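[1] Sequence unavailable; structure follows:
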Ligand code: MN
């Protein structure tokens, strides 16, 4: 075992003279240990690069100590020791020694590059960036790092290997940190690092990370379980040794070469299982396990036969991860059987190669090998990594890992960041609107635009992994109905619907009330004279508990105001009056009567239309239709103020266009202010004559206070262009001060 004493008592106060020799020598001896170990396992390797990295790092970390009081340099050395045990290559080992110099000392990345080359510098840079992940309070850095981590994983997996070794050592020495920090680091280990180790197939590292984190995160559960484990240990060991003996005898008889190992399931994975399946310790099928490691796939299946011949398999517990490996490339045959005394246990059967992969995962593919490593090796490693990444992508029903890892490679989600670095997870195709609602419903409601990575995008823009999204808001802005067709999250959809329904109802109430009052005036009903109880009784007849609800229903067009007024004042409003009532003064053309329709509803040609009196649109002006109750479609000018104010219900808005037939003329009323001088009127009529415009009526009023006159006339024009020509002809007459088109006000 290596000297590792996080809780070591601080050494007594050093003597005032010279450097304290004790810590330095402990550092030095750790380094010597590394060398010795390497010389044993890799006699041909040149260790000079390792020594250079060690000298550089210990120089830079000089004088720094860990929280435990040890010299800081013990940390990179023990991280590197882990990498040596994993048999990593020299670049990886140098990175291990140098991994904290850029983050924690005066050394720059450039210096590292100059001294140790591009590869090492790239790896150190990668680890430095991942280290910023630890700064959970600095959201921006965290976000940046999560992204970098992704890239780093695909660029050079050694960054991850060093980071995992780093985290492992930090977890082993976590006890010296304050409680709050301990919890944060343990949580992060559980959430991010253990799943990464798992994904990379590094079973050993993952187990240790999880068990260490578990101890800090669930101290009670962890202790309880461990106590229960301890209590059962002697019985379990006896039981497993008996099984081991029987298995060995049976395999030998069948001529299957094998190594048999026994193990008790780890505390944390038992804990997970108990929690997930709500069972007790005795019901865990794979609490006790026997592992058979043999030489070939053929013998794996043969061994499975031997086991099933001896003990009854438990139905549904046979799993063939050889034929169908797990996403992290784990391969094995699993079965659970009913053993002696009715105790069940799990059997795992695999080849040596499968075993190595299970324990070491991707590290097995990144190991130091004697001699130069050829391009073929690189290709193989990269192919392996690619395959891994591909598998993760294709995996639909993600397992344990996918649900916990909070980075990419998850097919259904994208991860974006707020400018402050908060991670927002959205479904694929999620838009800035979804993002805005994910932050807060107020942000969603007032969202008017978005910047992605600093550039303005459309609100329907599909966000991608790693995008930094800034939402632009405007107070008082309300969501648009169109958003419903764009958003991908139900949260956003529900919030938008809610706001739209609320605001529409407010408008509908207002409209319904006005509609009722107007109809009441028209029909001569004095609403003010109707008692409150009568109003409420009528409202109740419509299933409305409040008058407000009836107003809303009227606004939504569910009932006609006449109908309601008939109930309110039956003596005034006769029930048998034909409905729909035609628009007064200028009756709308009956459907089908008039082939020469002035206005057409787009796509439908037998709907009644009439020009709204408030704006009296003429051919050539942009128009919009509005479905009224019982009076057909009112056609307004797009610029009409009533359109702006009264197009409350967009459901009732309808597209209309001027019909092609051009024989129809429109009456237009103009008000001309002029100087009061003789000949003015004849000049105007001449101008109208020249423009071939008929005059329907003309009146002059003299005696304006400013000594001018007003000419009030109604002309007959074919379209907007004719009107424009007439207006400019009149304007050109000297003495004309002003000309205005007037509409009847409602
Ligand atoms: Mn470190």
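    Thanks, I have it. Just so you know, these numbers come straight off a predicted model, no measurement behind them.
[2] For the rest of this, base every contact and every neighbour count on C-alpha atoms.
    OK.
[3] can you list contacts of the helix or strand hosting residue 710?
    Residue 710 is located in strand 708-717, with elements delineated by DSSP states H and E. For strand 708-717, contacts defined as Cα atoms under 8 Å, 6 or more residues apart in numbering pick out 665-676, 693-704, 723.
[4] any idea of the mean pLDDT in it?
    Averaged across strand 708-717, the pLDDT comes to 86.
[5] returning to what we had before: show the buried residues in the contacts of strand 708-717.
    Neighbour-count burial (16 or more other Cα atoms under 10 Å) applied to those gives 666-676, 693, 695, 723.
[6] Check the residues you listed for the minimum pLDDT and say which it is.
    Least confident by pLDDT among these: that is residue 676, with 80.
[7] Touching, that one and residue 700? I think so.
    No: with contact defined as Cα atoms under 8 Å, residue 676 and residue 700 do not form a contacting pair (10.1 Å).
[8] Next SSE downstream of the strand holding residue 710?
    Sequence order places helix 720-732 as the next helix or strand after strand 708-717, per DSSP H and E.
[9] Check which helices and strands that following helix sits against.
    When contacts are defined as 3 or more Cα pairs under 8 Å, 6 or more residues apart in numbering; DSSP states H and E, helix 720-732 packs onto helix 680-690, strand 736-742.
[10] So what's the gap between the shortest one and the chain middle?
    Counting by Cα atoms, centre = their mean, to the nearest Å, strand 736-742 is centred 58 Å from the centre of its parent chain.
[11] Which positions in that strand come out as buried?
    Buried residues in strand 736-742, counted by 16+ other Cα under 10 Å: 736-737, 739.
[12] do the first one as well
    Taking 16+ other Cα under 10 Å as the basis for neighbour counts, the residues of helix 680-690 that come out buried are 680-681, 684-685, 687-688.
[13] Among these, which one lies nearest to residue 502?
    residue 688 (52.1 Å; Cα to Cα).
[14] Can you give me the pLDDT of the closest residue to that closest one other than its chain neighbours?
    Nearest in space to residue 688, with sequence neighbours left out and distances taken as Cα to Cα, 6 or more residues apart in numbering, is residue 726 at 6.5 Å. The model reports residue 726 with a pLDDT of 91.
[15] in the stretch 1-150 of the chain, which ranges drop under the pLDDT threshold?
    When residues are selected by pLDDT under 70, those of the stretch 1-150 of the chain lie in 1-25, 132-150.
[16] hang on, the earlier thing: can you put the helices and strands packed on helix 720-732 in a markdown table and add mean pLDDT and distance to residue 535?
    Formatted as a markdown table, these follow (pLDDT from 0 to 100; distance: least, Cα to Cα, whole Å):
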| stretch | mean pLDDT | distance to residue 535 |
| --- | --- | --- |
| helix 680-690 | 84 | 55 |
| strand 736-742 | 87 | 39 |
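[17] tell me the secondary structure for residue 461?
    coil (DSSP: H, G, I helix; E, B strand; the rest coil).
[18] looking at it, it is touching residue 433, isn't it?
    No: under the criterion of Cα under 8 Å, residue 461 makes no contact with residue 433, lying 9.1 Å away.
[19] who has more neighbours, the two?
    Using other Cα atoms under 10 Å, the more surrounded residue of residue 461 and residue 433 is residue 433, with 31 against 15.
[20] Can you give me the buried ones in the helix or strand where that one lies?
    Assigned by DSSP H and E, residue 433 falls within helix 432-439. Neighbour counts over helix 432-439 (16+ other Cα under 10 Å) mark 432-438 as buried.
[21] which residues are contacting it?
    So helix 432-439 is contacted by 424, 426, 443-445, 447, 450, 459-463, 469, 471, 483, 487-489, 491-492, 495 (Cα under 8 Å, 6+ apart).
[22] got it, and stretch 668-679?
    Contacts to stretch 668-679, defined as Cα under 8 Å, 6+ apart, come from residues 616, 680, 702, 707-717, 735-743.
[23] Phi first, then psi, for the nearest residue to residue 241 once chain neighbours are set aside.
    Among residues not flanking residue 241 along the chain, residue 262 sits closest, at 7.7 Å (Cα to Cα, 6+ apart). Dihedral angles of residue 262 (phi, psi; degrees, to the nearest 10) stand at phi -120, psi 150.
[24] okay, now residue 262: neighbour count?
    Counted with other Cα under 10 Å, residues neighbouring residue 262 total 18.
[25] repeat for residue 66
    For residue 66, using other Cα under 10 Å, the count is 15.
[26] Residue 707 now?
    11.
[27] Mind checking what helix or strand follows the least confident helix or strand in the chain by mean pLDDT in sequence?
    Using mean pLDDT, DSSP states H and E, helix 400-404 stands out as the lowest-scoring helix or strand of the chain, at a mean of 29. Along the chain past helix 400-404, the next helix or strand (assigned with DSSP H and E) turns out to be strand 413-417.
[28] Now do that next one against helix 432-439, angle only.
    Relative orientation of strand 413-417 versus helix 432-439 (axes from the mean of the first three to the mean of the last three Cα atoms, to 10 degrees): 70 degrees.
[29] Quick one: distance of strand 413-417 to the chain centre.
    Averaged C-alpha coordinates place strand 413-417 at 5 Å from its chain's average position (Cα atoms, centre = their mean).
[30] Work out the gap between stretch 430-439 and the centre of the chain.
    7 Å.
[31] do the same with stretch 178-193
    What separates the centre of stretch 178-193 from the centre of its chain is 24 Å, taken as Cα atoms, centre = their mean.
[32] Return the mean pLDDT over it, rounded to an integer.
    Stretch 178-193 shows a mean pLDDT of 84.
[33] Pull out the buried positions in that stretch.
    So stretch 178-193, judged by 16+ other Cα under 10 Å, has buried residues 182-193.
[34] Secondary structure and distance to residue 574 added to those residues, as TSV?
    TSV is the format used below for the buried residues of stretch 178-193 (DSSP: H, G, I helix; E, B strand; the rest coil; distance: Cα to Cα, whole Å):
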residue	secondary structure	distance to residue 574
182	helix	82
183	helix	79
184	helix	77
185	helix	80
186	helix	80
187	helix	76
188	helix	77
189	helix	80
190	helix	78
191	helix	75
192	helix	76
193	helix	80
